[in-house]
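In: Provided below are the primary sequence and the corresponding predicted coordinates.
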Amino acid sequence: MPESGQERKTKTGRSALAAILAVGFFAGIIFWGGFNTAMELTNTEAFCISCHEMRDNVYREYQNTIHYSNRSGVRATCPDCHVPREWVHKVARKIRATNELYHKLMGTINTPGKFEAKRLQMARNVWRTMKKTDSRECRNCHDYASMDYVKQERRAMIQHDQGLESGQTCIDCHKGIAHELPAMYEVDPSAAIGP
Amino acid sequence: MKTIPATAFAILFLSLAVPPPALAEGGLKSLRGDRPIGEESLQPAFTKWQHDSKPIARQFIQQPPVIPHSIEGYTINKKFNKCLTCHSWANYKKAGATKVSLTHFTNRDGVELANIAARRYFCTQCHVPQLDVDPLVPNAFQPVELLNGQR
């Protein structure tokens, strides 16, 4: 029996739908993969310092610090401290990072002078974020449940015992851990000699 | 006329090129040891900063107390002084540190200031952290009597 036109139509309809679904499915995988690959690629130190604004200032300073070279040979790179690990937070940070692209184009911090002039504002943004997340990025590596205060140096032991118990977070005491600090007259006038 | 500077140069050059025998053979002992000048001096053994401790007893009244803790990575520049984040009068209680001496608030004209004096701003000019090493030069220094009982 020859197939009726109606039947043939539904059949082609179905296979078209299947084809679309299949294409969509694979495109999705590719897009999704591409998206995540892009996320990975932009989550490296090499990417961060591809902008001279980041390379000539903060990266240079960070090379003198414990997170660049230490006795254990474990390095903390830019994204370790600045980009959240959980997917949702990570995407949110990436969206906010498009702001950096805009300011790159505008040249907001493209000279050392301009960078220094804006440093306090940028540092405050980072401090605010870390304060809000209870220094989540630090705790990804330094879990205080696994910190043995007794094995720490005297000052660290005393301060961690008191400070962490009383609800302070890493960034309250460890500002300037990876970069030079901005001029601090406004933040702590007793720790600077005045403008 | 021209020969005089040339001769002077030649003599100078030769005297630099040929070191006096004492230096060439070693035997002259200085802080860099007794290695001949032509050879590299020996690397001193690596030593580490002492572990953090309680304040270290002073040897005489006017001595700047030595630093009883690590100062690795502590920056002092015109924007910021890391030491003062613990030692300033505003912060010392929270940090459990000794507050900076009152004498650090007087400028060279004897005027009392509201903030640390510029000549006391660079703390490590006077205060130094400690390594556990033998003194380069032996000495028999005794703490002043007044402080003897302190140890």
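Out: In hand now; what should we look at?
In: who's in contact with the residue nearest the centre of chain B?
Out: Geometric centre of chain B, nearest residue: residue B:128, 6.5 Å, by C-alpha atoms, centre = their mean. Neighbouring residues of residue B:128 by C-beta atoms under 8 Å, 6 or more residues apart in numbering or on different chains: B:66, B:67. Every residue, glycine included, has its C-beta placed from N, CA and C.
In: ok, now how distant is it from residue A:109?
Out: According to C-beta to C-beta, to the nearest Å, residue B:128 and residue A:109 sit 37 Å apart.
In: low-confidence ranges in chain A?
Out: Scanning chain A for pLDDT under 70 picks out A:1-36, A:195.
In: apply 80 and report the result again.
Out: A:1-41, A:194-195 (pLDDT under 80).
In: how about the residues of it by chain B?
Out: Within chain A, the residues that sit near chain B (C-beta under 8 Å from any C-beta of the partner chain) are A:64-66, A:153-156, A:158-159, A:176, A:180-184, A:188-194.
In: quick revisit: next one: phi and psi at the residue nearest to the centre of chain B?
Out: The phi/psi pair for residue B:128 (degrees, to the nearest 10) reads phi -130, psi 140.
In: next: residue B:67.
Out: According to degrees, to the nearest 10, residue B:67 has phi -90, psi 120.
In: relative to residue A:80, how far out is it?
Out: Noted for residue B:67: a distance of 31 Å to residue A:80, by C-beta to C-beta.
In: of those two, who's got more company?
Out: Shown here are residue B:67 and residue A:80; by other C-beta atoms under 10 Å in any protein chain shown, residue B:67 has more neighbours (20 against 17).
In: next, the buried residues of stretch A:68-85.
Out: Residues of stretch A:68-85 classed as buried by neighbour count (16 or more other C-beta atoms under 10 Å in any protein chain shown): A:76, A:77, A:78, A:79, A:80, A:81, A:82, A:83, A:84.
In: ok, so of those residues, who is nearest chain B?
Out: residue A:76 (14.2 Å; C-beta to the nearest C-beta).
In: that closest one: what's it in contact with?
Out: By C-beta under 8 Å, 6+ apart, the neighbours of residue A:76 are A:67, A:141, A:178.
In: next step: these restricted to helices.
Out: residue A:141 (DSSP state H).
In: need the residues of chain B near chain A, please.
Out: So chain B meets chain A at B:51-54, B:69-70, B:72-73, B:75, B:77-82, B:84-85, B:88-91, B:95-96, B:115-116, B:118, B:121 (C-beta under 8 Å from any C-beta).
In: switch the cut-off to 6 Å
Out: With C-beta under 6 Å from any C-beta of the partner chain as the criterion, chain B meets chain A at residues B:52, B:69, B:79, B:80, B:81, B:84, B:85, B:88, B:90, B:96, B:121.
In: of these, which belong to helices?
Out: Using DSSP H, these in helices are B:84, B:85.
In: and the furthest pair within the residues of chain B next to chain A?
Out: Greatest spatial distance among those (C-beta to C-beta): B:52 and B:79, at 26.2 Å.
In: just say helix, strand or coil for residue A:126.
Out: Three-state call for residue A:126 (DSSP: H, G, I helix; E, B strand; the rest coil): helix.
In: circling back: among the residues of chain A next to chain B, which are in helices?
Out: A:154, A:155, A:156, A:158, A:159.
In: tally of neighbours for residue B:106?
Out: The number of residues packed near residue B:106 is 15, by other C-beta under 10 Å.
In: so what's it bridging to?
Out: When bridges are called by DSSP bridges, residue B:106 pairs up with residue B:112.
In: and the pLDDT for it?
Out: Looking at residue B:106, its pLDDT is 95.
In: same question, residue B:21
Out: Residue B:21 carries a pLDDT score of 49 in this model.
In: top of the contacts of residue A:76 by neighbour count?
Out: The residue in the contacts of residue A:76 with the most neighbours, by other C-beta under 10 Å, is residue A:178 (20 neighbours).
In: got a list of what the closest residue to that residue other than its chain neighbours touches?
Out: Nearest non-adjacent residue to residue A:178, counting by C-beta to C-beta, 6 or more residues apart in numbering or on different chains: residue A:62, 4.9 Å away. By C-beta atoms under 6 Å, 6 or more residues apart in numbering or on different chains, the contact set of residue A:62 is A:68, A:178, A:179.
In: list the contacts of stretch A:44-60.
Out: So stretch A:44-60 is contacted by A:77, A:78, A:109, A:115, A:179 (C-beta under 6 Å, 6+ apart).
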